[in-house]
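What follows is a predicted structure for the sequence shown.
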Amino acid sequence: MRVSPHLRFARSRAWWWKSADSVLDILITPFWGRWLAVVIVVAMAGFLAWRRRGAAAGSWAHNQVTVLILTATVVVMPKAAPYNQVLLLPGILLILRQGRELWSKSLARLAVVAICGLTLLWPWLAAFGLSAVSVFVPTGPVTRGWALPLYTNMAIPVAVVALLALVAAGGGEEAQLSQAGDCLAFPRHPR
């Protein structure tokens, strides 16, 4: 029995998916993925977390470090599974909070924000597009596109880490937020 090249490619891709360890191993290679994971962990622990180790709990600096560590955990975790992406939610909320600051910088920074934003929005846009097309087109062609929303699934954690690195590098609202007593998601209410 002769196996088509398309089926052979699909099988090798499925083997790659099962044998790879982390998101970085899937996006690049296992060798370079592990080295990049080491660089990410050293950069977080050595530079960001160590410099902000004296921050009070609930402060802007503490929230940035906590959110970046949660997000980087999804990237370097030895199991690349979509259900781990729930750990990205605090990072996405922090990015949304800093939206104006992210858009108001240089052209290179704007390009990174646009690419990462498109990566985050792609599953929603693709699912909405498939739903809208399914009203007008027979189900056959629409069901062949079932994987469209999943194309950026493994790139989403990397995009969130990149955007959080831009937020951490900016640090513009840190003084305003710490003076106001405001934190990431739970503002303090007077009693």
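The structure has been received and is ready for your questions. Numbering: from 1, shown residues only.

May I have stretch 70-78 as CSV, with CA atoms only?
Extracted in CSV, the C-alpha atoms of stretch 70-78 (Å, rounded to 0.1, in the frame of the first residue of the first chain):
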residue,chain,number,x,y,z
LEU,A,70,3.2,33.0,35.3
THR,A,71,3.4,33.7,31.6
ALA,A,72,7.0,32.5,31.2
THR,A,73,6.0,29.3,33.0
VAL,A,74,3.7,28.5,30.1
VAL,A,75,6.5,29.1,27.6
VAL,A,76,9.2,27.0,29.3
MET,A,77,6.9,24.4,30.9
PRO,A,78,7.8,20.9,29.8
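
Flag every buried residue along it.
Using 16 or more other CB atoms under 10 Å as the test for burial, stretch 70-78 gives 70-72, 74-77. All C-beta spots, glycine's among them, are computed from the backbone N, C-alpha and C.

For whichever strand or helix holds residue 40, which helices and strands make contact with it?
In this structure, residue 40 is located in helix 30-42 according to DSSP states H and E. If you count contacts as 3 or more CB pairs under 8 Å, 6 or more residues apart in numbering; DSSP states H and E, helix 30-42 packs onto helix 23-27, helix 60-76.

Going by distance to residue 141, which of the buried residues of stretch 70-78 wins?
Nearest to residue 141 among these, counting by CB to CB, is residue 74 at 33.6 Å.

Not counting its neighbours along the chain, what's nearest that closest one?
Spatial nearest neighbour of residue 74, excluding adjacent residues (CB to CB, 6 or more residues apart in numbering): residue 157 at 4.4 Å.

right, and that neighbour touches residue 71 too?
Yes. Counting by CB atoms under 8 Å, residue 157 does reach residue 71; the two are 6.6 Å apart.

intersection of neighbour lists for these two?
Taking CB atoms under 8 Å, 6 or more residues apart in numbering as the criterion, residue 157 and residue 71 both touch residue 88.

in the chain, which helix or strand is least confident?
helix 174-180 (a mean of 42; mean pLDDT, DSSP states H and E).

The longest helix anywhere in the chain - contacts with which helices or strands?
Longest helix of the chain, by residue count under DSSP state H: helix 107-136. When contacts are defined as 3+ CB pairs under 8 Å, 6+ apart, helix 107-136 sits against helix 99-103, helix 139-144, helix 156-170.

pLDDT of the longest one, averaged?
pLDDT averaged over helix 156-170 equals 83, rounded to a whole number.

now that helix and helix 107-136, what's the angle there?
150 degrees (axes from the mean of the first three to the mean of the last three CA atoms, to 10 degrees).

tell me which residues in helix 156-170 are buried?
156-168.

ditto for the first one
Within helix 99-103, the residues that qualify as buried are residue 102, counting by 16+ other CB under 10 Å.

Show the average pLDDT along that helix.
Mean per-residue pLDDT for helix 99-103: 78.
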